[in-house]
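>>> Build me a structure from this.
(chains A and B)
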Amino acid sequence: MQTIQIYQLKDFVGQEVKLRGWVRNWRKQSSKLRFVVLRDGTGEVQCVAHKPDMGEEAFEAVKALSIETSLEVWGTVGRHPRREGVFEIALKRVVPMQVAVDYPIGKKEHGPDFLLGQRHLWLRSSRQWAQLRIRHTVYSAIEGFLNGQGFIRFDSPILTPSSCEDTTTLFEVPYFDMGSAYLSQSGQLYLEAGIMSLRRVYDFGPVFRAEKSKTRKHLTEFWMMDAEAAFVEHEENMQIQEDLIRHIIRTVLERCATELETLERDTDTLRRADAPFPRWTHRQAIDYLKSKGCDIDYSDDFGAAEEEMLTAESDTPVFIERWPAEIKAFYMRRDPESPGLALCSDLLAPEGFGEIIGGSERETDHDELQSRMKSLGMPMDEYQWYLDLRKYGSVPHSGFGIGLERTVGWMAGSRHVRECIPFPRMISRVTP
RNA sequence: UCCUGAGUAGCUCAGCGGCAGAGCGGGUGGCUGUUAACCACUAGGUCGGGGGUUCGAAUCCCUCCUCAGGAGCCA
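Sure thing, here's the model as predicted:
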């Protein structure tokens, strides 16, 4: 008899098999009939325990099962009598590995604080299973796309000497007798060094922000993929981002049908997002918002409400490009046609999921960059290496960073990014 | 840091000045096709902590704590 996994059931109809997993739920129908829902990490299947078929002793073993007990089951694969395309197991025998007593997560609703406190167990529920599998698929789609575009993985350091911004948003860690180091907010500056060797590079890892943000779009530790490419300018940079996002959408739709169904995600909406992305300048966006009655100025950033208005009428994500330079980062190249603007773009996801990518063409001129850094009061000795990149063969280059959890949240239709990472870290939670 | 809301059984919540409640979960029993199964019975309480008002406080007031959503903030 073969030991199989639930995803293989369709190939074993009519055969006796062995499965290993956990009890998701059980239902008692009568003194002679019980249903046990088995999950094994690859899926779920209903097992039918009928006392006259399996015998007194084997049925007693089924009666002793509890939610989340780990076990091995033997039985015959069949088709559900009333559900098309659904399989079930006619049980012959069950052997518990470890009997779970009083599993804390029940079948009814729970609050977020309780569930996050039980995150190590909450991971087992159907929705979390589906979301984490979509996370894996998004991760895998990003890597597949970049590999196909000639990007080389280049791991940026996580411990860094300091920030280019003020250090209040950084997590500080003691570093031997050298004072403090800080957890990285982004590996971008290091990637700019990498492209001068490898032409196109990316990193993919955790980044850390000590901001006291308390919203459904913020985590203090989240995963970001930063890509950087030599000889790529602003327009091509946006094209790469659009191609990447559309590749992610197609990959998730293709590989995660079951997961999306479990989450009751509207896949037509996702499908429609796989189309050319509108590109608005920041000025056009402000004009639009003004026409809708927003009290906003040409030098302003957008709040959550504005972001939603900008994408409300679009099926696809929307690029907002060429922002006022003074509200963007120092390393962004200025627009030659309008020096007050930065050659940058934010990509806003539709359906209210917010900003998922930020990118820009980078400043290439040594003196220009140096003067901006000085005026920001940055520690020039710590960043000499970064200025060196503009002294020894500076080239046009661009890059962008994509937030994994927000992208997963959009794909999965999750209201909160805390469900898009196995163990979320937020302002009021670092455990479990 | 600010604004708003919440904290009552293991969980989700109702009760909002006069006997501490329901559903789920636990336990016991019933039902041959259930899908968060259902039905009956049963056990289960420091009403977030402290202080105050009142004949009487889960309920009103003050204060602190915790959580949520949002704002600010967010290479």
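>>> give me the element A:Val77 is part of.
strand A:70-79 (DSSP states H and E).
>>> and that strand, how far from the chain's centre?
34 Å (CA atoms, centre = their mean, to the nearest Å).
>>> buried ones in it?
For strand A:70-79, a neighbour-count test (16 or more other CB atoms under 10 Å) marks A:71, A:73-77 as buried. In short, each C-beta sits where N, CA and C put it, glycine included.
>>> Just list what it packs against, helices and strands only.
Counting contacts by 3 or more CB pairs under 8 Å, 6 or more residues apart in numbering; DSSP states H and E, strand A:70-79 is packed against strand A:16-28, strand A:33-39, strand A:87-98.
>>> That one vs strand A:16-28, what angle?
100 degrees (axes from the mean of the first three to the mean of the last three CA atoms, to 10 degrees).
>>> what's the angle between strand A:70-79 and strand A:87-98?
With the same axes, to 10 degrees defining the directions, strand A:70-79 sits at 170 degrees from strand A:87-98.
>>> Please name the nearest non-neighbouring residue to the closest residue to RNA strand B within the stretch 251-400 of chain A.
Taking CB to the nearest atom of the strand, RNA strand B has its nearest neighbour within the stretch 251-400 of chain A at A:Ala304, 3.2 Å off. Once flanking residues are discounted, A:Ala304 sits nearest to A:Gly354: 6.9 Å by CB to CB, 6 or more residues apart in numbering.
>>> Equivalent analysis for A:Asp335, please.
A:Leu341 (4.2 Å).
>>> What of A:Gly399?
A:Glu228 (3.5 Å).
>>> circling back: of the helices and strands packed on strand A:70-79, which is nearest A:Thr137?
Smallest distance to A:Thr137 across the helices and strands packed on strand A:70-79 (CB to CB): 19.2 Å, for strand A:33-39.
>>> Can you point out the buried residues in the closest one?
Neighbour count says strand A:33-39 has A:34-39 buried, by 16+ other CB under 10 Å.
>>> Also stretch A:328-345?
Buried-residue list, stretch A:328-345, by 16+ other CB under 10 Å: A:328-335, A:341-345.
>>> cool, stretch A:115-134 as well?
So, applying 16+ other CB under 10 Å, buried residues of stretch A:115-134: A:115-119, A:121-122, A:124-125, A:128-134.
>>> go on, stretch A:270-283?
Buried, per 16+ other CB under 10 Å, within stretch A:270-283: A:270, A:273, A:277-283.
>>> Reformat those into CSV and put distance to A:His416 and secondary structure next to each item.
Output for the buried residues of stretch A:270-283, formatted as CSV (distance: CB to CB, whole Å; DSSP: H, G, I helix; E, B strand; the rest coil):
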residue, distance to A:His416, secondary structure
A:Leu270, 19, helix
A:Ala273, 20, coil
A:Phe277, 25, coil
A:Pro278, 27, coil
A:Arg279, 29, strand
A:Trp280, 28, strand
A:Thr281, 31, strand
A:His282, 28, helix
A:Arg283, 33, helix
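>>> Could you dump these into JSON lines and include distance to A:Met309?
Converted to JSON lines, the buried residues of stretch A:270-283 look like this (distance: CB to CB, whole Å):
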{"residue": "A:Leu270", "distance to A:Met309": "21"}
{"residue": "A:Ala273", "distance to A:Met309": "18"}
{"residue": "A:Phe277", "distance to A:Met309": "17"}
{"residue": "A:Pro278", "distance to A:Met309": "14"}
{"residue": "A:Arg279", "distance to A:Met309": "17"}
{"residue": "A:Trp280", "distance to A:Met309": "12"}
{"residue": "A:Thr281", "distance to A:Met309": "16"}
{"residue": "A:His282", "distance to A:Met309": "14"}
{"residue": "A:Arg283", "distance to A:Met309": "16"}
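>>> Could I get these in CSV, plus columns for distance to RNA strand B and pLDDT?
Output for the buried residues of stretch A:270-283, formatted as CSV (distance: CB to the nearest atom of the strand, whole Å; pLDDT from 0 to 100):
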residue, distance to RNA strand B, pLDDT
A:Leu270, 21, 94
A:Ala273, 21, 95
A:Phe277, 19, 95
A:Pro278, 22, 94
A:Arg279, 19, 95
A:Trp280, 18, 94
A:Thr281, 18, 94
A:His282, 14, 93
A:Arg283, 19, 92
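>>> re earlier: just the buried residues of stretch A:115-134 that are near RNA strand B?
Near RNA strand B, taking CB under 7 Å from any atom of the strand as the test, the members of the buried residues of stretch A:115-134 found are A:Leu116.
>>> Considering the buried residues of stretch A:115-134, which is situated nearest to A:Asp53?
A:Arg124 (29.4 Å).
>>> Next one, pLDDT for the closest one please.
Each residue has a pLDDT score; the one for A:Arg124 is 92.
>>> for A:Trp26, same thing?
Looking at A:Trp26, the pLDDT reads 88.
>>> give me the beta-bridge partners of it?
Beta bridges link A:Trp26 to A:Val36, judged by DSSP bridges.
>>> Name the nearest residue to A:Phe319, ignoring sequence neighbours.
Closest to A:Phe319 by CB to CB, 6+ apart is A:Arg279, at 4.4 Å.
>>> That neighbour reaches A:Gln241, doesn't it?
No: when contacts are counted by CB atoms under 8 Å, A:Arg279 is not listed as touching A:Gln241 (10.8 Å).
>>> hmm, back to that, could you measure the residue of the stretch 251-400 of chain A closest to RNA strand B against A:Leu310, distance?
Taking CB to CB, to the nearest Å as the measure, A:Ala304 falls 11 Å from A:Leu310.
>>> Likewise for A:Ile142?
According to CB to CB, A:Ile142 stands 24 Å off from A:Leu310.
>>> now A:His80
Look at A:His80 and A:Leu310: by CB to CB, they are 46 Å apart.
>>> mind checking how far the residue of the stretch 151-300 of chain A found nearest RNA strand B is from A:Glu192?
Among the residues of the stretch 151-300 of chain A, A:Ser186 lies closest to RNA strand B, at 2.4 Å counting by CB to the nearest atom of the strand. To A:Glu192, A:Ser186 is 11 Å away according to CB to CB.
>>> Name the residues of stretch A:356-365 that come out as buried.
A:356-363.
>>> and RNA strand B, which of those residues contact it?
Applying CB under 7 Å from any atom of the strand, the subset of the buried residues of stretch A:356-365 adjacent to RNA strand B comprises A:Gly358.
>>> Low-confidence ranges, the stretch 51-200 of chain A, go.
Along the stretch 51-200 of chain A, the model assigns pLDDT under 70 to residues A:163-168.
>>> What segments of it are helices?
With helices called from DSSP state H, counting those that start in this stretch, the stretch 51-200 of chain A shows them at A:51-54, A:56-63, A:112-117, A:119-122, A:126-148, A:188-198.
>>> Before I go, just wanted to say thanks for your time.
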